[in-house]
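Peer 1: okay, structure incoming, though there's no sequence with it:
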């Protein structure tokens, strides 16, 4: 004869199990469980919870890095592109003087000898203050056209790995998010910097702003950068030659078509740009906030 | 008809495992209990200018949070000096200014600025939970970051409320302005 557990016993067991669970729940969560701990020990208790997390990028389930303002200053970088070299997994190539191709983990979609408009990486999303910046023509990022300068940067967050599900277009290989500086005290905010160096390098920055209260602030910043090429010769693809002062562009049939001096009057220069930006943040209520970032570059 | 034994036993095993699972999950989320203990510790590190006045030591809670229940469980029988600790739920308004500690839960963070203005002239320690609130009027902010609770302390806000903070507490948190 088979022995079968009666339904009544089964229900008793179930009730007992749930009661034990409830007791464990109550005992484990009560504040008295931690009452003998010091404040320092309480702050060291590991908490596994998905709610109310602060925005710690490193908690994301992807490989990520954050480059802080202090790290940038200590490294002595002069441009955002140079600063990106400090981040693991980033490959920063200065293709020609002042012209960069930046990729993540070696995944790039720029073909060799590509013409200008497709020589920008379109598989890495670049953002300034969480807003994408890229060429509307082809979708790639021309780093030399960013309106902000390193002086405006508070930190750079990089996510390595496919992130399109989170960030949308371009985030195939990862995301580079440049977060700009904000005034951290009420009142007037002034910041200026001037650098001079070899290759006739001049980098000037200034920012002025005002923080009305912790929720409302506005900053206007401007930057100017000028530097000469570190090498004076040019590689002329059609002639397969390095030329120090090419007077002419050559088309595919070998005929001269354009005067280089007319098209590029400042040939020795690698960079000559200036930009202006306005950043504003405001909080109308706990649920309504706005952030404005706008910039122009020439 | 009774279910056969080979069905019933695995079912019981599954229920036991489920019960263990629920128990373990409860054990790994003690944030409210820790918050209550941390707030209790604040009473040892802060000096209230009205500590010699008669009455209870009132800790007010604005918003709905399990931390309130944990605070009641932990502190109902305790005292701060000669004063008995009293935990009570409160709302923004004049009553908030009578609290020695005012804990604003995450769901009520929108009233922080209003509460900070109402308690500006009273020795009230405003404690919040959620990132960045120490810059918006709170004295101490409990921030969950990297799987630990961390303190963001605004010394200026504390002194503005005529409170004194011990340097030991300042060292355990991040000072923000």
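Peer 2: Okay, I see it. Predicted model, so just to flag it, every value in this text is computed and none were measured.
Peer 1: okay, CA-based contacts and neighbour counts for the rest of this
Peer 2: Will do.
Peer 1: what is the burial count for the closest residue to chain B within the stretch 1-150 of chain A?
Peer 2: Nearest residue of the stretch 1-150 of chain A to chain B (CA to the nearest CA) works out as residue A:31 at 4.1 Å. Neighbour count for residue A:31, taken as other CA atoms under 10 Å in any protein chain shown: 26.
Peer 1: OK, contacts around it?
Peer 2: Neighbouring residues of residue A:31 by CA atoms under 8 Å, 6 or more residues apart in numbering or on different chains: B:32-34, B:36-37, B:70-71, B:73-74.
Peer 1: the same query, at a cut-off of 6 Å, please.
Peer 2: The contact partners of residue A:31, taken as CA atoms under 6 Å, 6 or more residues apart in numbering or on different chains, are B:33, B:70, B:74.
Peer 1: residue contacts, the residue nearest to it when sequence neighbours are not counted?
Peer 2: Residue nearest to residue A:31 in three dimensions, not counting chain neighbours: residue B:33, with 4.1 Å by CA to CA, 6 or more residues apart in numbering or on different chains. With contact set as CA under 6 Å, 6+ apart, residue B:33 has these partners: A:30-31, B:70.
Peer 1: number of nearby residues for residue 43?
Peer 2: With no chain named, the answer covers chain A. Neighbour tally, residue A:43, other CA under 10 Å: 21.
Peer 1: try again with chain B
Peer 2: Number of residues near residue B:43 (other CA under 10 Å) recorded here: 17.
Peer 1: tell me the SS of it?
Peer 2: Three-state call for residue B:43 (DSSP: H, G, I helix; E, B strand; the rest coil): helix.
Peer 1: which pLDDT does the model give the residue nearest to it when sequence neighbours are not counted?
Peer 2: The shortest distance from residue B:43 to any residue other than its chain neighbours is 6.8 Å, reached at residue B:80 (CA to CA, 6+ apart). pLDDT recorded at residue B:80 is 89.
Peer 1: now do residue B:87
Peer 2: 94.
Peer 1: for it, list each beta-bridge partner.
Peer 2: As for beta bridges, residue B:87 partners with residue B:59 under DSSP bridges.
Peer 1: would you confirm that it contacts residue B:61?
Peer 2: No - using CA atoms under 6 Å, residue B:87 is not in contact with residue B:61; the gap is 7.6 Å.
Peer 1: which one's more surrounded, these two?
Peer 2: Using other CA under 10 Å, the more surrounded residue of residue B:87 and residue B:61 is residue B:61, with 25 against 22.
Peer 1: my read: the more buried one touches residue B:86, true?
Peer 2: No - with contact defined as CA under 6 Å, residue B:61 does not reach residue B:86; the gap is 10.9 Å.
Peer 1: re earlier: over to the residue nearest to residue B:43: give its phi and psi.
Peer 2: Backbone torsions of residue B:80, given as degrees, to the nearest 10, read phi -120, psi 110.
Peer 1: ok, residues contacting the longest strand anywhere in chain A?
Peer 2: Longest strand of chain A, by residue count under DSSP state E: strand A:269-283. Applying CA under 6 Å, 6+ apart, the contact partners of strand A:269-283 are A:97-98, A:147, A:215-229, A:289-298.
Peer 1: in ChimeraX, how would I select the buried members of those residues?
Peer 2: Of the contacts of strand A:269-283, the buried ones go into a single ChimeraX selection, burial set by 16 or more other CA atoms under 10 Å in any protein chain shown:
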select /A:97,98,147,215,216,217,218,219,220,221,222,223,224,225,226,227,228,229,293,297
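Peer 1: the contacts of strand A:269-283 also near chain B: which ones?
Peer 2: Subset of the contacts of strand A:269-283 in contact with chain B: empty, counting by CA under 6 Å from any CA of the partner chain.
Peer 1: on the C-terminal side of the host helix or strand of residue A:74, identify the next helix or strand.
Peer 2: Taking DSSP states H and E as the definition, residue A:74 sits inside helix A:69-75. Following helix A:69-75 in sequence order, the next helix or strand is helix A:80-84 (DSSP H and E).
Peer 1: what about that next one, distance to the chain center?
Peer 2: 10 Å (CA atoms, centre = their mean, to the nearest Å).
Peer 1: which strands border the next helix or strand after it, and is each parallel or antiparallel?
Peer 2: Per DSSP H and E, the first helix or strand lying C-terminal to helix A:80-84 is strand A:90-96. On the basis of DSSP bridges, the sheet neighbours of strand A:90-96 come out as strand A:99-104 (antiparallel).
Peer 1: what's the angle from the partner strand to strand A:269-283?
Peer 2: Counting by axes from the mean of the first three to the mean of the last three CA atoms, to 10 degrees, strand A:99-104 lies at 50 degrees to strand A:269-283.
Peer 1: quick check: mean pLDDT of strand A:99-104?
Peer 2: Across strand A:99-104, pLDDT averages out at 88.
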